[in-house]
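Trainee: Would you be able to build a 3D model of this:
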Amino acid sequence: MSGPQAAPGGSAQNVTFPSNGRTAHGYLALPPQGVGPGLVVVQEWWGLTGHMTAMVDRFAAEGFVALAPDLYGGATTHDRAEAARMLAALPADRAARDLGGAVDLLLEHPQVVGDAVGVVGFCMGGGLALLLAADQGDRVAAVVPFYGLPKIPGFAYRGLTAHVLGHYGEQDASLTEKAVDDAAMLIGEATDRRPEIHFYPAGHAFMNDENLLGTYDPLQARIAWQRTLSFLWGHLG
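Mentor: Sure thing, here's the model as predicted:
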């Protein structure tokens, strides 16, 4: 691979890369020191929005070479019905394979250190992050899902070797604590990893200061952010 190239599309896209037999686009940010561990950031169902690119920039500022693949090809929305339609048109198993190209890009990038990457995902991206980690095996060392789980019925987490840190809201109407606990048990049964799961006194998307649900919680977001940084550096540093 010759490396990332400038993308022809939307303003949030600044790289293109081969993925699953076609060309993918994304947003890449480099750390101030120039080199660092690779980190895939997986979008919410709204698309590669300003919140997602800001999150990539935040991770880069903390020392990571961070990449958010654009799974919707430049489309974004703040309409729930439209987001649901875009999500329905993106099969989770295909998206996980597409995201494999992002792992390839980072592991081949001259400014990435280490032989494995981290993955962080939000909402829809939280589930995809776990799918990607299971698909990529030892190439993913740490995975951090925020308020999301895989939507594939019966998914057994086979192949997952990464350490897992999960962040979930106690007041999240879309995802029950039981569902999260069941997933943690499945991960424990399928792997030698014991997931670290945190529940917060908050609703869905509590990290997203742009979310239309009114559930952004700056205090819980700061706590989850610090836990995430400590976790990632503990397994990628």
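
Trainee: mean confidence score for the helix ranked longest in the chain?
Mentor: Scanning the chain for the longest helix, with DSSP state H as the assignment, gives helix 218-236. Confidence for helix 218-236, expressed as mean pLDDT, is 98.

Trainee: Which elements pack onto it?
Mentor: Counting contacts by 3 or more CB pairs under 8 Å, 6 or more residues apart in numbering; DSSP states H and E, helix 218-236 is packed against strand 36-42, strand 112-122, strand 140-146, strand 163-169, strand 196-200. (Each C-beta comes from the backbone N, C-alpha and C, glycine too.)

Trainee: All the helices of the chain, residue numbers only.
Mentor: Under DSSP H, the chain gives helices at 50-61, 80-88, 92-108, 124-136, 177-190, 218-236.

Trainee: could I get those helices as CSV with distance to residue 201 and mean neighbour count?
Mentor: Formatted as CSV, the helices of the chain follow (distance: least, CB to CB, whole Å; neighbours: other CB atoms under 10 Å):
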stretch, distance to residue 201, mean neighbour count
helix 50-61, 22, 19
helix 80-88, 24, 14
helix 92-108, 29, 20
helix 124-136, 19, 27
helix 177-190, 12, 15
helix 218-236, 7, 16
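
Trainee: can you list the ones you listed in JSON lines and add distance to residue 118?
Mentor: Below are those laid out as JSON lines (distance: least, CB to CB, whole Å):
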{"stretch": "helix 50-61", "distance to residue 118": "9"}
{"stretch": "helix 80-88", "distance to residue 118": "24"}
{"stretch": "helix 92-108", "distance to residue 118": "9"}
{"stretch": "helix 124-136", "distance to residue 118": "9"}
{"stretch": "helix 177-190", "distance to residue 118": "17"}
{"stretch": "helix 218-236", "distance to residue 118": "5"}
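
Trainee: Looking at these, which is nearest to residue 32?
Mentor: The closest of those to residue 32 is helix 50-61. By CB to CB, the value is 6.9 Å.

Trainee: from the chain's centre, how far out does the longest helix of the chain sit?
Mentor: 14 Å (CA atoms, centre = their mean, to the nearest Å).

Trainee: Now do it against strand 196-200: the angle between them, please.
Mentor: Angle of helix 218-236 versus strand 196-200, following axes from the mean of the first three to the mean of the last three CA atoms, to 10 degrees, is 170 degrees.

Trainee: Only C-alpha atoms, please: export helix 218-236 in CSV.
Mentor: Only the C-alpha atoms of helix 218-236 are listed here, as CSV (Å, rounded to 0.1, in the frame of the first residue of the first chain):
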residue,chain,number,x,y,z
PRO,A,218,-20.1,16.6,30.9
LEU,A,219,-19.1,15.2,34.3
GLN,A,220,-19.7,11.5,33.3
ALA,A,221,-18.0,12.3,29.9
ARG,A,222,-14.9,13.5,31.7
ILE,A,223,-14.8,10.4,33.9
ALA,A,224,-15.2,8.0,31.0
TRP,A,225,-12.6,10.0,28.9
GLN,A,226,-10.0,9.7,31.6
ARG,A,227,-10.7,6.0,32.1
THR,A,228,-10.4,5.4,28.4
LEU,A,229,-7.1,7.2,28.1
SER,A,230,-5.6,5.3,31.1
PHE,A,231,-6.9,2.0,29.6
LEU,A,232,-5.6,2.6,26.1
TRP,A,233,-2.1,3.7,27.3
GLY,A,234,-2.0,0.7,29.6
HIS,A,235,-2.4,-1.7,26.7
LEU,A,236,-1.0,0.3,23.8
